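*Asks:* what's the 3D shape of this:
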Amino acid sequence: MRPALVTGASSGIGRATVRRLDGAGWKVFAGVRKEEDAAALRAEGSERLEPLLLDVLDPEAIAAAADRVGTEPGGLDGLVDNAGGAVPGPLEALPIEDFRRQVELNLTAQLAVTQAMLPAIRTARGRVVFISSVGGRVALPMTGAYHAAKFGLEAVADSLRQELAPWGIKVVLVEPGSIDTPIWSRGEEDADELLGRSPRMRELYGAAIDRYREVVRDT
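*Replies:* From the prediction side, this is the model:
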């Protein structure tokens, strides 16, 4: 029974990945931030599926997850770095703390989790899978912070792939196109909250933001 850890498993690509691996007979550790999401995964998965409360922005949670995964005698065969999020907004008016958080969540946290899990991955000679995006290749307006992080993730994956090759550890980068997942509805909610904090953003970019929303909803 091969073990794998999937971060951001409460919805979207992460949840679909958990279901696919669980159905194929893997021992799946599913990283979620909320107990209700853990309960939902337990209810729909096999007895092999083990949710972990894992906020990838919390170093203590990462360490605890690494300790649990490290008890697997054969190591960790797969790590799927999937957790992420987007807060749309024009770079001119995007509060720097919101820019910083998106880079932290979509880039820095992916490496933090990978570093913590690499001892177990080495034991199994497993592989690391980063979920990037077509947004790691092409940048569009209103999502500059998200693109900056995904462009960076492409570089991290390329470098790490070469660094780990001598040990037979594979690093895979997946670049999905537009997929209807909750990341975009949550992003709209975050954007509404952001507009409330930044009246100048609405003044300068209100029409462009409205057009962006229409494109997202139609995609």
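*Asks:* Next, find the distance separating Ala165 from Arg125.
*Replies:* 12 Å (Cβ to Cβ, to the nearest Å). Using the backbone N, CA and C atoms, a C-beta is placed for each residue, glycine as well.
*Asks:* SS state for the most centrally placed residue in the chain?
*Replies:* When Cα atoms, centre = their mean is applied to the chain, the residue found nearest the centroid is Ala83 (2.0 Å). The three-state assignment at Ala83 reads coil, by DSSP: H, G, I helix; E, B strand; the rest coil.
*Asks:* just checking, it touches Leu52?
*Replies:* No. Here Ala83 lies out of contact with Leu52, judged by Cβ atoms under 8 Å, at a distance of 11.9 Å.
*Asks:* Residues in contact with both of the two, list them for me.
*Replies:* Gly31 (Cβ atoms under 8 Å, 6 or more residues apart in numbering).
*Asks:* where does Gly78 land on pLDDT?
*Replies:* In this model, Gly78 is scored at 98, pLDDT.
*Asks:* burial measure for the closest residue to it other than its chain neighbours, as a count.
*Replies:* Of all residues not flanking Gly78 in the chain, Ala4 sits nearest, at 3.5 Å (Cβ to Cβ, 6 or more residues apart in numbering). The tally of other residues near Ala4 (other Cβ atoms under 10 Å) stands at 24.
*Asks:* Now do the contacts for Ala4.
*Replies:* So Ala4 contacts Leu21, Trp26, Lys27, Val28, Phe29, Leu76, Asp77, Gly78, Leu79, Val80, Gly126 (Cβ under 8 Å, 6+ apart).
*Asks:* Dump these to JSON lines, plus neighbour count and distance to Glu104.
*Replies:* Shown next, in JSON lines, are the contacts of Ala4 (neighbours: other Cβ atoms under 10 Å; distance: Cβ to Cβ, whole Å):
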{"residue": "Leu21", "neighbour count": "23", "distance to Glu104": "27"}
{"residue": "Trp26", "neighbour count": "20", "distance to Glu104": "29"}
{"residue": "Lys27", "neighbour count": "19", "distance to Glu104": "29"}
{"residue": "Val28", "neighbour count": "28", "distance to Glu104": "26"}
{"residue": "Phe29", "neighbour count": "27", "distance to Glu104": "22"}
{"residue": "Leu76", "neighbour count": "26", "distance to Glu104": "24"}
{"residue": "Asp77", "neighbour count": "20", "distance to Glu104": "28"}
{"residue": "Gly78", "neighbour count": "23", "distance to Glu104": "24"}
{"residue": "Leu79", "neighbour count": "27", "distance to Glu104": "19"}
{"residue": "Val80", "neighbour count": "26", "distance to Glu104": "19"}
{"residue": "Gly126", "neighbour count": "24", "distance to Glu104": "25"}
